[in-house]
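Asks: With the sequence up front, the predicted model follows.
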Amino acid sequence: METLLEMHRRGDMEGIWKRYCGFVDLTMEEFAAAQNHLLEEQLQTWKKSTLVKRIFGGSIPATVQEFRERAPLTTYEDYADVLLNKKEDELCEKTFEWIHTSGRSGEYEFKWVPYTKAMYDTMSDCSVGCFILASCKRHGEIAIRERDRLMFTVAPIPFITGLAIQALHEQFNFRFWPAYDEAVKMDYFQRIRKAINLAFSEGIDIFYGITSLMMNVSEQFENVGKSGKSAETRRMLRQPKVLFRLLKGLVKAKLRGGPLRPSDIWNVKGILCGGMDTSIYKERIRAMWGGYPREVYGCSEYGFVAMQHFEGPGLVFYEKSSFYEFLELSDYSRWKEDRSFRPRLLLLSEVEAGKEYALVGTSTQGGVLVRYILGDSIKFLSLSDDRINLKLPQMIIASRIDDVIDIAGFTRLTEKALWTAVEASGIGYVDWVVAKEYRNEKPVLHLYLEPKEDSHDPERVQALIHEQLKLADRHYRDLEEMAGIKPLAVTILSHGTFARYLQERQAAGFDLAHLKPVHMNPKSEVISRIVAMSDLKI
């Protein structure tokens, strides 16, 4: 099959749009037909896999209808014995690449997922489509050009972001800072330092990365303009190209009457971001970079799931990466309590605008995941949009729906990991809850802890638990070591806080099972009541 570069040099801009971005032009009927076709092919492929046969209890469904009647909901636990040990003989097809994401803290280090060549090719086309949509201003526009400059700021293979960059490198002659072959051999700190240096001396055209890391990189850019005190800054400023670009930026900033911003130094044509925090940072990114980020939603298990429409507020599902279904959140909660419960799953044509659903994906093109629950809640903004001629629903990522807290796309901390860290800190405690909150638009892991003694200093408690979390979860450690992020904040509750909270709940008539708050991400009103029960001022 032709690469983007070959099509681009032929001038086939219409063909490029249709191949890489045509999913935004589909009708609901066309989307459903494509999904059904992929699943029908997958049912035949699954007959080669002992793992998938085990998931179905021995026999593979023969039709899409039978699949929807019989297929069970699954989690990574159902595949862990095979996938963690990379037992290729139990899969459907030969593995092209093993990709991993962060595992559940304290249970396994990574979640490994096999990608077939067909899965990789699909992901490759979707990667290209994301860059086209992030940089275009109107339907059919192909704004990317040969030798466009990109910073290599994402994690390399075996992370899916690395696989996406590899695909882009194969499809088009982008210039990466640092150069692709060099960058994949460098550690994170070396790569970021070199990328910043090259961005200042040579410029950038498109930014791609996890949103929280983009903000971190942005702050590093701004620091170059604030001071020449660091050795790294002084070294960069000795380069004529860097000095010239920076001086131009400083003049723009002075004329604007504000601090130096990335938009004073670069005029990027597109910003492509991933991560659940993109919506939180989008206004700051616009202010700093001169344009809104376009969001992409992907994961190791499904591949690329959806991309933000170039004119719309929400993301549009990519029809080729997986077979998608949607689960009512109430049914998801019931299923978690009773795995024998068989909820009804909805197709994209059956969802309602304004409602949240648990996303359920089934692998296609030789993958092995069957009705796999990732743990994300998505919310549909609309079912169509005549203003932008969109016939499909637009959605946003609402939250995590399990007992995991995602911080900056680096780590997903479980209750077990938090509990282990609190225990290992040596601090005597009565109880605790933890919530993901935002301070100055940055994610915070906020721990509310009632110690057995009132003499504990919050900063000391925070330092002790932070160090234990670094030991308990390597990805939490990476937040500080790779991104300079220390997300933990601690509020010390007064003696008797949880007892008073339980008494209030009991007096209000709550049953025994609902007296105590959940440890992980309790509702905001629960946090408010706990704080009210403390001697702290609200």
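Replies: Received the coordinates, thanks.

Asks: From here on, just use CA atoms for contacts and neighbour counts.
Replies: Fine.

Asks: following the host helix or strand of residue 286, which helix or strand shows up next?
Replies: According to DSSP states H and E, residue 286 maps onto helix 278-289. Per DSSP H and E, the first helix or strand lying C-terminal to helix 278-289 is strand 294-299.

Asks: Now do the very next helix or strand once past that next one: which elements does it pack against?
Replies: Using DSSP H and E, the helix or strand that follows strand 294-299 towards the C-terminus is strand 303-308. Under the contact criterion of 3 or more CA pairs under 8 Å, 6 or more residues apart in numbering; DSSP states H and E, strand 303-308 touches helix 117-135, strand 294-299, strand 315-317.

Asks: hey, least reliable of the ones you listed by pLDDT?
Replies: With a mean of 93, strand 294-299 has the lowest mean pLDDT of the helices and strands packed on strand 303-308.

Asks: if we look at it, which residues are touching it?
Replies: The list of residues contacting strand 294-299 from outside it, by CA atoms under 8 Å, 6 or more residues apart in numbering, reads 101, 130, 133-134, 160, 270-275, 278, 304-310, 315.

Asks: That strand to helix 117-135, inter-axis angle?
Replies: 160 degrees (axes from the mean of the first three to the mean of the last three CA atoms, to 10 degrees).

Asks: can you give me how far strand 294-299 is from the chain middle?
Replies: Here strand 294-299 is found 7 Å from its chain centre; the criterion is CA atoms, centre = their mean, to the nearest Å.

Asks: now the helices and strands packed on strand 303-308 as CSV including mean neighbour count and distance to residue 449?
Replies: Listed next are the helices and strands packed on strand 303-308 as CSV, based on neighbours: other CA atoms under 10 Å; distance: least, CA to CA, whole Å:
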stretch, mean neighbour count, distance to residue 449
helix 117-135, 22, 43
strand 294-299, 24, 33
strand 315-317, 24, 38
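
Asks: Where does the prediction get shaky in the stretch 201-350 of the chain?
Replies: Within the stretch 201-350 of the chain, the ranges that satisfy pLDDT under 70 run 212-213, 216-217, 219-236, 276-277, 280.

Asks: Residue 266 reaches residue 206, doesn't it?
Replies: No - using CA atoms under 8 Å, residue 266 is not in contact with residue 206; the gap is 9.8 Å.

Asks: Run through the strands of the stretch 401-538 of the chain in chain order.
Replies: For the stretch 401-538 of the chain, strands defined by DSSP state E, counting those that start in this stretch occupy the ranges 405-407, 411-413, 429-439, 442-451, 488-492.

Asks: just so I know, which of those lies nearest residue 88?
Replies: Nearest of the strands of the stretch 401-538 of the chain to residue 88, taken as CA to CA: strand 411-413 at 27.2 Å.

Asks: hang on, the earlier thing: what residues of the helix holding residue 286 count as buried?
Replies: 278-279, 281-283, 285, 288-289 (16 or more other CA atoms under 10 Å).

Asks: Equivalent analysis for stretch 179-186, please.
Replies: 179-180, 183-184.

Asks: cool, and stretch 14-29?
Replies: Under 16+ other CA under 10 Å, the buried positions of stretch 14-29 are 16-17, 20-21, 23-24, 26, 28.

Asks: Okay, and which of the residues you listed map to helices?
Replies: Counted as lying in helices by DSSP state H, out of these, are 16-17, 20-21, 28.

Asks: Next, format those residues as JSON lines and append distance to residue 59 and pLDDT.
Replies: Below are those laid out as JSON lines (distance: CA to CA, whole Å; pLDDT from 0 to 100):
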{"residue": "16", "distance to residue 59": "41", "pLDDT": "98"}
{"residue": "17", "distance to residue 59": "40", "pLDDT": "98"}
{"residue": "20", "distance to residue 59": "36", "pLDDT": "98"}
{"residue": "21", "distance to residue 59": "37", "pLDDT": "98"}
{"residue": "28", "distance to residue 59": "31", "pLDDT": "98"}
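
Asks: Check those residues against residue 111 and report the nearest one.
Replies: residue 20 (28.7 Å).

Asks: Now do the domain split for this protein, please.
Replies: 4-91+319-400, 145-268, 405-533 (automatic domain parsing).

Asks: do you know which of those lies nearest residue 122?
Replies: Closest to residue 122 of those is domain 4-91+319-400 (CA to CA; 6.6 Å).

Asks: what's the first-to-last distance across that closest one?
Replies: 35 Å (CA to CA, to the nearest Å).

Asks: residues near residue 196, how many?
Replies: 23 (other CA atoms under 10 Å).

Asks: which secondary structure element contains it?
Replies: Residue 196 belongs to helix 188-202, assigned by DSSP H and E.

Asks: Mind listing what's buried along that helix?
Replies: Under 16+ other CA under 10 Å, the buried positions of helix 188-202 are 188, 191-201.

Asks: out of those, who's nearest residue 326?
Replies: residue 188 (36.7 Å).

Asks: now the helices for the stretch 401-538 of the chain?
Replies: In the stretch 401-538 of the chain, the helices defined using DSSP state H, counting those that start in this stretch lie at 415-424, 458-472, 474-483, 497-507, 524-533.

Asks: Looking at those helices, which is nearest to residue 389?
Replies: helix 524-533 (37.9 Å).

Asks: Next, the angle from the closest one to strand 442-451.
Replies: Using the same axes, to 10 degrees: helix 524-533 against strand 442-451 is 40 degrees.

Asks: between helix 524-533 and strand 429-439, how big is the angle?
Replies: Using the same axes, to 10 degrees: helix 524-533 against strand 429-439 is 120 degrees.

Asks: for helix 524-533, the distance to its chain's centre please.
Replies: Put simply, helix 524-533 sits 29 Å off its chain's centre (CA atoms, centre = their mean).

Asks: what packs against it?
Replies: On a contact count with 3+ CA pairs under 8 Å, 6+ apart, helix 524-533 meets helix 497-507.

Asks: Then residue 374 would be within a strand, right?
Replies: Yes - looking at residue 374 with DSSP: H, G, I helix; E, B strand; the rest coil, it is inside a strand.

Asks: For it, grab the count of nearby residues.
Replies: 20.

Asks: Would you confirm that it contacts residue 359?
Replies: Yes - judged on CA under 8 Å, residue 374 makes contact with residue 359 at a distance of 6.9 Å.

Asks: about what we covered before: tell me the one of the buried residues of helix 188-202 nearest residue 467?
Replies: residue 188 (21.5 Å).

Asks: roughly how far apart are residue 174 and residue 138?
Replies: 22 Å.

Asks: Of those two, which one has the most company?
Replies: Per other CA under 10 Å, whichever of residue 174 and residue 138 has more neighbours is residue 174, with 21 against 12.

Asks: mind listing the helices in the stretch 201-350 of the chain by residue range?
Replies: Going by DSSP H, counting those that start in this stretch, the stretch 201-350 of the chain shows helices at 211-226, 231-237, 240-256, 262-265, 278-289, 329-337.
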